[in-house]
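K.L.:
Mind looking at a prediction? Sequence and model below.
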Amino acid sequence: MTEPSISLDELRIQIDKIDSQMVELLAQRAKITAQVGQYKSRVGLPIYVPEREAELISKRREQAEAQGVSPTLVEDLLRRIMRESYHTQNVNYLCTNPEIKKIVVVGGAGALGRIFVDMFTRSGYSVTVLEKADWQNSDAIFEDVGLVLVAVPIQMTEEIISRLQNLPKDCLLVDITSTKQKPLNAMLNAHSGPVLGLHPMFGPDVPSLVKQVVVVCHGRDETKYQWLLQQMTIWGAILQHSDAKDHDDAMVFIQVMRHFCSFVFGAHLASENPDLKQLVSLSSPIYRLELAMVGRLFAQDPALYADIIFDNKDSVRLLSKFAQQFAQALTLVEANDKREFIKQFLQIGAWFGDYSKQSLIDSKKLLLKADDDRTWSE
């Protein structure tokens with residue numbers, strides 16, 4: 001047997017050298033992306049430009065194929081690198097409406113309110129936070145205010161809005177709660193000026209607003225709050241416009257059902273008391289992700305999720321129908337009726353259509369990442 005011309009240690013040294021060069025290149029790239037962020041800030045360009053991202057990935061995939069490298073690998077690396085670069089660009093932003101003298105964030109000391117206080121401050125606005133103890137000075141705080149953002153818990157939102165009846169006429173009144181019909185109507189009744197309903201579809205742990213969805217529900221005087229929509233776009237947010245009723249109807253499926261199912265799953269696990277570490281160690285990536293999403297729920301504010309589930313008028317009706325659906329599916333198992341189960345499975349799959357196929361592709365990316373993150377100690 002012929003001995004290899006180069007030893008394993010020598011090959012590893014070469015790999016270490018290349019990896020070190022990659023780190024140096026990433027450092028150089030980070031410096032350049034920081035300059036890009038500064039330029040965008042000066043001229044008011046959004047941090048996230050989907051067309052530019054798509055073009056960059058397409059070119060590098062073509063280059064990878066030409067050099068015999070996996071295009072999927074290159075795309076995965078680039079997306080991770082670009083996510084980091086968006087954060088390095090996340091410094092200061094162009095102010096789209098310098099005529100605004102003051103922004104007041106009611107509840108700005110809260111988890112989500114702090115994000116908007118920070119973003120407005122970094123965009124050059126003068127921001128004041130109003131909390132419960134500050135209401136005695138509210139007349140002075142609201143003097144010359146150009147935007148009032150209500151960022152309080154759902155159950156307090158309408159009561160707080162009702163106290164905002166003496167705002168300057170041109171002041172923009174905005175709320176960021178996860179329900180929209182009632183808060184929007186409350187703002188329209190309390191204030192005669194411009195009104196806008198927003199629902200940030202993210203939690204307080206996001207590192208930036210890049211690629212984060214914000215639902216926009218129009219209220220009154222749309223032309224007078226275009227500057228705010230433009231400001232959020234500059235921050236990198238993706239704006240999705242919706243009727244308030246359509247939004248609330250959709251949230252029953254997007255939020256209420258999802259959170260409630262996680263709550264029940266978690267409650268059942270707690271009552272059965274299995275060895276959680278063993279469950280994690282024996283799970284494939286997809287089950288680890290599902291278990292992580294359940295566990296994530298219980299690491300957050302219970303009052304927030306209680307508000308989301310209990311305060312939607314359609315929660316009881318839809319969750320009751322879901323319970324009936326669960327019971328009907330259980331009867332198939334009790335009767336050992338695999339044929340009917342498969343029949344219904346195919347019918348449901350037909351309803352999902354091409355989305356199920358795309359979901360299979362998209363989920364594979366998540367599963368590969370979950371598998372990469374697994375450690376031997378698990």
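P.N.:
Looks like it arrived, so ask away.

K.L.:
which residue sits closest to residue 139, ignoring its sequence neighbours?
P.N.:
Spatial nearest neighbour of residue 139, chain neighbours left out: residue 166 (7.6 Å); criterion: CB to CB, 6 or more residues apart in numbering. C-beta: built from backbone N, CA, C; applies to glycine.

K.L.:
Quick one: find the helix or strand in the chain with the lowest mean pLDDT.
P.N.:
The helix or strand of the chain with the poorest confidence is helix 354-372; it has a mean of 80 (mean pLDDT, DSSP states H and E).

K.L.:
How many neighbouring residues does residue 339 have?
P.N.:
Residue 339 has 9 neighbours, counted by other CB atoms under 10 Å.

K.L.:
So the residue nearest to residue 139 versus residue 259, what's the distance?
P.N.:
Separation of residue 166 from residue 259 (CB to CB, to the nearest Å) stands at 37 Å.

K.L.:
more neighbours, these two?
P.N.:
residue 259 (17 against 10).

K.L.:
residue contacts, that one?
P.N.:
Counting by CB atoms under 8 Å, 6 or more residues apart in numbering, residue 259 makes contact with 297, 305, 308-309.

K.L.:
go on, residue 318?
P.N.:
Contacts of residue 318 (CB under 8 Å, 6+ apart): 252-253, 256-257.

K.L.:
What's the separation between it and residue 68?
P.N.:
Following CB to CB, the distance that separates residue 318 from residue 68 is 52 Å.

K.L.:
for the chain, what spans make up the strands?
P.N.:
For the chain, the strands defined by DSSP state E cover 103-106, 127-130, 147-150, 172-175, 195-200, 213-220, 238-241.

K.L.:
which regions of the stretch 51-200 of the chain sit below the pLDDT cut-off?
P.N.:
Counting by pLDDT under 70, the ranges of the stretch 51-200 of the chain that qualify are 88-90.

K.L.:
please redo it, this time with the cut-off set to 90
P.N.:
By pLDDT under 90, the low-scoring segments of the stretch 51-200 of the chain are 52-53, 72-73, 76-77, 79-92, 165.

K.L.:
The closest residue to residue 44 other than its chain neighbours: how many residues sit nearby?
P.N.:
Distance criterion CB to CB, 6+ apart; nearest residue to residue 44, sequence neighbours excluded, is residue 94 at 3.8 Å. Applying other CB under 10 Å, we find 17 residues neighbouring residue 94.

K.L.:
Likewise for residue 193?
P.N.:
17.

K.L.:
Contacts only, for it.
P.N.:
Shown in contact with residue 193 (CB under 8 Å, 6+ apart): 167-173, 220-221, 224.

K.L.:
what do you get if the cut-off is 6 Å, keeping everything else the same?
P.N.:
Contacts here follow CB atoms under 6 Å, 6 or more residues apart in numbering; on that basis residue 193 touches 169-171.

K.L.:
try residue 251
P.N.:
Per CB under 6 Å, 6+ apart, neighbours of residue 251: none.

K.L.:
and if you look at residue 130?
P.N.:
Shown in contact with residue 130 (CB under 6 Å, 6+ apart): 104, 106, 141.

K.L.:
bridging residues for it?
P.N.:
Counting by DSSP bridges, residue 130 forms beta bridges with residue 106.

K.L.:
related to what we said a few turns ago, buried ones only from the contacts of residue 193, please, as a ChimeraX command.
P.N.:
Here is the ChimeraX command that selects the buried residues among the contacts of residue 193 (16 or more other CB atoms under 10 Å):
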select :171
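
K.L.:
which of the contacts of residue 193 lies closest to residue 79?
P.N.:
residue 171 (40.7 Å; CB to CB).

K.L.:
quick one on the thing from earlier: got a PyMOL select line for the buried ones in the contacts of residue 318?
P.N.:
Here is the PyMOL selection string for the buried members of the contacts of residue 318, based on 16+ other CB under 10 Å:
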select buried, resi 252+256+257
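
K.L.:
Just give me the closest of the contacts of residue 318 to residue 25.
P.N.:
Nearest member of the contacts of residue 318 to residue 25, counting by CB to CB, is residue 253, at 44.2 Å.

K.L.:
how far away is the closest one from residue 175?
P.N.:
Look at residue 253 and residue 175: by CB to CB, they are 22 Å apart.
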